[in-house]
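Student: What follows is a protein structure lacking sequence information:
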């Protein structure tokens, strides 16, 4: 709701100019770090070190990108970030899909097949979204060891799936709650069973919430650092952990330009999703914030 | 038989999720709680020591620094993000040309990993190559900004980076609420001669109370969880200057081999979190049911 049309705070020319100036100032504020990362990832190292961080490159180069992707020293190997990028994909894609499927069917049960005590189950699932993960680190490490998946991609998939179920269920439950129950009842009278109703009636209209859920889980899991740092092993380290190792490595010269290129590489998948489907991204944030 | 199966199916379908969460969340919490009363060091061990870990924990200088830092960081982060979010939402709600262009720019940091944000700000705030260096080259020789290297000020750089990351999100929450305000009420106030400023102060901002609450809960939740940002930005340093409960827990459990104390710190973190989240969820679910 805007009250600007009716002659008040934003009416005067001066006020309008002030409003626009503040808004543009903040555009600069939010873009500045990204700008700094991009231009400095395209400079040779001595230009970053001795030159101006804000200035355009005098000598444009994509070597820092090449180095960040395939030759930079990370830990003991000069492999670049590429293998870690692949690890993250291998971990996040299955975990996101699994948690989304479980969330969809849970949401369906919790709204359309209610039974005694289902609310308690929902509250327990909901509360699981908000625990500080430090509380589960020690037992999770032991259980992963017991299941013999310590340090494997499978172990990380398991962890990310489990801690994604709560949010996925919340998203689908809220969405299905608004789905007309009469349609379900009519289908039941026609003899449709539990799974038929889910596949034929709910699924076809679940596209928006599925996109929201996938984006939410993908972003959270891709950006996760704590689980990656705690449970990944040699050869299964995800992108965020590798980036941090690259930037905070104590040996050799600090290759700032390579760090910036690496940081953008780590941000690319989620930025891409945000640019392609920003509307759904924001919707996920809102549902995540306003539970109900 | 088929009827019976149809009744059982929903429960069967829900069972795996329920079992997983029951084990991976609730049993794990109980296990960590149990460990916090034991003499666990490098590995879990089950010698009961009562409240000893908690007594030790609150005597540790590192833990008290971590709590103090969380208080400073949490309070500033919540207040500044909320203020900026509300300000930007109100300004964006003045029929702004190019709103569709500006809004996504305010919000994109929320899509980034805290490690990326931390890396960007780490070098941007670094006195050697960052903003200070740039201003020197532009001729402002006396400019000094070395907070990130200064024990007394490093925690504020965490606030700067965290506010950058999430204030756009708070803006989006307020903007959505502003768009939902009943226009009749505003018109009535205008007829009564209220100025734009008065309308915001007396009518619209008070209507935003639920959003203030949601923003508070989301930001407090993020503040308690904040871990990656500190690791990437300052690695809890210089010294221990930006230690938070989250980094404390990790280092005591996994690098200092004080698992009992680590577990007790995790329990304290959970209590902090739940004392904010549970009343909020309770209120949300109650109003949701009465609708």
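Tutor: Yes, it's here. Predicted model, so just to flag it, every value in this text is computed and none were measured.

Student: So residue A:183 is in contact with residue A:204, correct?
Tutor: No. Look at residue A:183 against residue A:204 with Cβ atoms under 8 Å: they stay out of range, at 11.4 Å. Just so you know, the C-beta spots here come from the backbone N, C-alpha and C atoms, and that holds for glycine as well.

Student: In terms of neighbours, single out the busier of the two.
Tutor: Neighbour tally, residue A:183 and residue A:204, criterion other Cβ atoms under 10 Å in any protein chain shown: the higher count belongs to residue A:183, 14 against 8.

Student: Figure out the helix or strand that the more buried one lives in.
Tutor: In the assignment (DSSP states H and E), residue A:183 maps to helix A:181-189.

Student: Which other helices and strands does the next helix or strand after that helix contact?
Tutor: Using DSSP H and E, the helix or strand that follows helix A:181-189 in sequence is helix A:194-196. With contacts taken as 3 or more Cβ pairs under 8 Å, 6 or more residues apart in numbering or on different chains; DSSP states H and E, helix A:194-196 sits against helix B:2-21.

Student: So is the helix it packs on next to chain A?
Tutor: Yes. Interface with chain A: helix B:2-21 contributes B:6, B:9, B:10, B:11, B:13, B:14, B:16, B:17, B:18, B:20, B:21 (Cβ under 8 Å from any Cβ of the partner chain).

Student: Mark which of those residues are buried, thanks.
Tutor: Neighbour counting with 16 or more other Cβ atoms under 10 Å in any protein chain shown marks B:10, B:13, B:14, B:17, B:18, B:20, B:21 as buried within these.

Student: Counting by contacts, list what the helix holding residue A:183 packs against.
Tutor: For helix A:181-189, there is no helix or strand it packs on, judged by 3+ Cβ pairs under 8 Å, 6+ apart.

Student: average model confidence for it?
Tutor: Across helix A:181-189, the average pLDDT comes to 88.

Student: how about that helix: buried residues?
Tutor: A:184, A:187.

Student: For residue 20, give me its contacts.
Tutor: Going with chain A. residue B:96 (Cβ atoms under 8 Å, 6 or more residues apart in numbering or on different chains).

Student: ah, I was thinking of chain B
Tutor: Residues near residue B:20 by Cβ under 8 Å, 6+ apart: A:162, A:165.

Student: Could you give the number of residues near the closest residue to residue A:69 other than its chain neighbours?
Tutor: In space, and not counting its chain neighbours, residue A:69 is closest to residue A:80: 4.9 Å by Cβ to Cβ, 6 or more residues apart in numbering or on different chains. Applying other Cβ under 10 Å, we find 23 other residues in the vicinity of residue A:80.

Student: hang on, residue A:80 in a helix?
Tutor: No. If the criterion is DSSP: H, G, I helix; E, B strand; the rest coil, then residue A:80 is coil and not within a helix.

Student: now it: how far from chain B?
Tutor: Distance, residue A:80 to chain B, using Cβ to the nearest Cβ, to the nearest Å: 16 Å.

Student: Is it correct that that residue is in contact with residue A:65?
Tutor: No. Taking Cβ under 8 Å as the contact criterion, residue A:80 and residue A:65 are not neighbours in contact, 9.9 Å apart.

Student: would residue B:135 count as being in a helix?
Tutor: Yes. The assignment for residue B:135 (three-state DSSP) places it in a helix.

Student: List the residues that contact it.
Tutor: Per Cβ under 8 Å, 6+ apart, neighbours of residue B:135: residue B:143.

Student: How many neighbouring residues does whichever residue of the stretch 51-200 of chain B sits closest to chain A have?
Tutor: Nearest residue of the stretch 51-200 of chain B to chain A: residue B:196, at 2.8 Å (Cβ to the nearest Cβ). Look at residue B:196: counted by other Cβ under 10 Å, it has 21 neighbours.

Student: Please consider this matter closed, and thank you.
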